[in-house]
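In: the following comprises the amino acid sequence and a computationally predicted model.
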Amino acid sequence: MLRNCGRKLLLSLVGATLTCLLVLMVDQQTKQLVELPAEAEDSQRQLQAEPSPVKAVQDASVKGAQTFSAYINKLTRVRRDVEQVGTPSLEGSKPPVEDIAADDVFIAVKTTKKFHRSRMDLLMDTWISRNKEQTYIFTDGEDEELQQKTENVISTNCSAAHSRQALSCKMAVEYDKFIESNKKWFCHVDDDNYVNVKTLIKLLSRYSHTNDIYIGKPSLDRPIQATERISESKMRPVNFWFATGGAGFCISRGLALKMSPWASGGHFMNTAEKIRLPDDCTIGYIIESVLGVKLIRNNLFHSHLENLHQVPQSEIHNQVTLSYGMFENKRNAILMKGAFSVEEDPSRFRSIPRPKFPRYPKGYVGPVRVTLDVNVADF
């Protein structure tokens, strides 16, 4: 009985001892696998710090995708800016692209001496009288009476003829004087145009003067077709849009500076002869055909070549330029009721209401309301 018990106890001790030895051996192997030497740890950290080729490609792909996405977003923003510039809105509370004042605009009025009394006196009595400092009159003859009304009368020494050469000669002087002025915008109008300078400034504020901006209204429903002289014996056809000078147009300073090789000094006359077209067509040729800048059309410019009866009276104060003339022995002017009859004011320029600013007590701070009113004493 005792022998059997002793044998069982001995077997139990042997079994327990073997079990302990096995546990110790497994534990030691586990430590060797888990606890790496210091050199192995450094190697492991180095491997973790240096990404695998697959991970490098993945990281590069992610980074490239992020860069491409940012580039696309930038293009989208630029495209939206271009669309905004292309279709400016004069209404609403959207802030302007650039804050400009009347002094930032160079308004060139092209005329001839024989129209000083019939046309220029009308302009001097209306819109120019309120914008003398930024309006420059380019003519072909001396006129003391006109010079007494404004200091900005520039005699161009050009011919008084209504020829291609004479018109281009005056435009060349306009361009050079604008470049000398260091103003931000060059706007050309004829002596039968009424300019709403307030609306003009509001329109131009939707653009940046450092960008390539050419804005106006074409007189044709298709690009003009011309022939460009390359050499004495070689010609080639060119097609381009141009803004008619009869409605007026504006050019940013950034674009005007790029026009210099073809417009400054006597180059404008040479360029005009190269295509044998008048001054406003030559402007369009340089900008569209040579420099590749597209005309921005704007229906707020008006010439006597269109039916001015279609301009709503309620929207007249929102137009940039207006005109007048005769077509088939009929008067072509805006339909405007005012203090003057049609016989007294056939152009209707004297009947266009001007802004009236109400007087407020000294120190008043609050909204200023601009109203339109007509007062015979204002004209």
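Out: Looks like it arrived, so ask away. Numbering: from 1, shown residues only.
In: contacts, neighbours, all on C-alpha from now
Out: Will do.
In: residue ranges with poor pLDDT in the protein?
Out: 1-94, 355-379 (pLDDT under 70).
In: mind listing the helices for it?
Out: For the chain, the helices defined by DSSP state H cover 2-34, 38-49, 53-86, 121-125, 144-149, 164-181, 197-204, 253-258, 260-263, 267-275, 279-284.
In: same for the shortest one, what does it pack against?
Out: Using 3 or more CA pairs under 8 Å, 6 or more residues apart in numbering; DSSP states H and E as the contact criterion, the neighbours of helix 260-263 among helices and strands are helix 267-275.
In: and the helix it packs on, which residues are buried?
Out: 268-269, 271-275 (16 or more other CA atoms under 10 Å).
In: same check, this time on stretch 225-242
Out: Applying 16+ other CA under 10 Å to stretch 225-242 flags 226, 228-229, 240-242 as buried.
In: from those residues, pick the one nearest residue 163.
Out: residue 226 (17.6 Å; CA to CA).
In: contact partners for the residue nearest to the closest one when sequence neighbours are not counted?
Out: Nearest in space to residue 226, with sequence neighbours left out and distances taken as CA to CA, 6 or more residues apart in numbering, is residue 238 at 5.3 Å. Listed by CA atoms under 8 Å, 6 or more residues apart in numbering, the contact partners of residue 238 are 225-228, 289.
In: and those as a markdown table, adding distance to residue 258?
Out: Output for these, formatted as a markdown table (distance: CA to CA, whole Å):
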| residue | distance to residue 258 |
| --- | --- |
| 225 | 23 |
| 226 | 22 |
| 227 | 23 |
| 228 | 20 |
| 289 | 13 |
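In: keep only those of those that are in strands.
Out: Using DSSP state E, the subset of the contacts of residue 238 located in strands is 225-228.
In: any idea which of those residues is closest to residue 160?
Out: Among the ones in strands among the contacts of residue 238, and counting by CA to CA, the member closest to residue 160 is residue 226, at 25.6 Å.
In: from residue 181, how far off is that closest one?
Out: 32 Å (CA to CA, to the nearest Å).
In: equivalent analysis for residue 329, please.
Out: For residue 329, the distance to residue 181 - CA to CA - is 41 Å.
In: which one's more surrounded, the two?
Out: Using other CA atoms under 10 Å as the criterion, residue 329 and residue 181 rank with residue 181 on top: 13 against 7.
In: so who does the more buried one touch?
Out: residue 106.
In: likewise residue 278?
Out: Counted by CA under 8 Å, 6+ apart, residue 278 has contacts 163-165, 167-168, 272.
In: and those residues, which of them are buried?
Out: Buried subset of the contacts of residue 278 (neighbour count, 16+ other CA under 10 Å): 165, 167-168, 272.
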